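Novice: below is the structure, and that's it, no one-letter string:
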């Protein structure tokens, strides 16, 4: 909840409410961790995810030179291009073997995933997972 009155916050399971205190809500929050996997979201709102041919998360080499670092969350892709002194790129998983990524200092490219660990881009360049 955002901007809720203290009385609107549910109590129990670690949260207590005492309106006689200057800070009436006391308690804790439980947080969990879910590791990234080779599953990428379909983005269709159903909670279903499309599994890519291989895990995209990690370090990649372009032209044999290690550089880009890819992170996938749901169906969103983030690419750290800082090793090349370029801005971060963002995109999404289209299906199990296709992605799209927009490089803000260039343009948008479609990538085709090829086993065992290659992305072949629409400009005919390739990245290999390292």
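Specialist: Happy to help now that I have it. Note that the structure is predicted; figures quoted are calculated from it, not measured.
Novice: so what pairs up with residue 77 in the strands?
Specialist: For residue 77, the beta-bridge partners under DSSP bridges are residue 72, residue 91.
Novice: kindly indicate whether residue 83 is helix, strand or coil.
Specialist: Here residue 83 is helix, with the state taken from DSSP: H, G, I helix; E, B strand; the rest coil.
Novice: ok, residue 98 - contacts?
Specialist: 110-113 (Cβ atoms under 8 Å, 6 or more residues apart in numbering). Glycine gets a C-beta too; all of them are placed from N, C-alpha and C.
Novice: which of those residues are buried, as a ChimeraX select command?
Specialist: Selection of buried members from the contacts of residue 98 for ChimeraX, criterion 16 or more other Cβ atoms under 10 Å:
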select :111,113
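Novice: ok, residue 129 to residue 92 distance?
Specialist: 19 Å (Cβ to Cβ, to the nearest Å).
Novice: what sits against residue 116?
Specialist: Counting by Cβ under 8 Å, 6+ apart, residue 116 touches residue 54.
Novice: what are the phi and psi angles of it?
Specialist: Per-residue torsions, residue 116: phi -90, psi -20 (degrees, to the nearest 10).
Novice: so for it, what's the pLDDT?
Specialist: We note a pLDDT of 96 for residue 116 in this prediction.
Novice: ok, it to residue 83 distance?
Specialist: According to Cβ to Cβ, residue 116 stands 23 Å off from residue 83.
Novice: how does this structure divide into domains?
Specialist: Using automatic domain parsing, the domain parsing of the chain gives 1-32, 39-129.
Novice: and the strands in the protein?
Specialist: Applying DSSP state E to the chain gives strands spanning 15-17, 25-27, 39-41, 49-51, 58-62, 65-73, 76-80, 89-95, 98-102, 108-114, 118-121, 126-129.
Novice: least confident of those strands, on average?
Specialist: Ranked by mean pLDDT, the strands of the chain bottom out at strand 39-41, with a mean of 44.
Novice: from residue 81, how far out is residue 57?
Specialist: Relative to residue 81, residue 57 is positioned 16 Å away (Cβ to Cβ).
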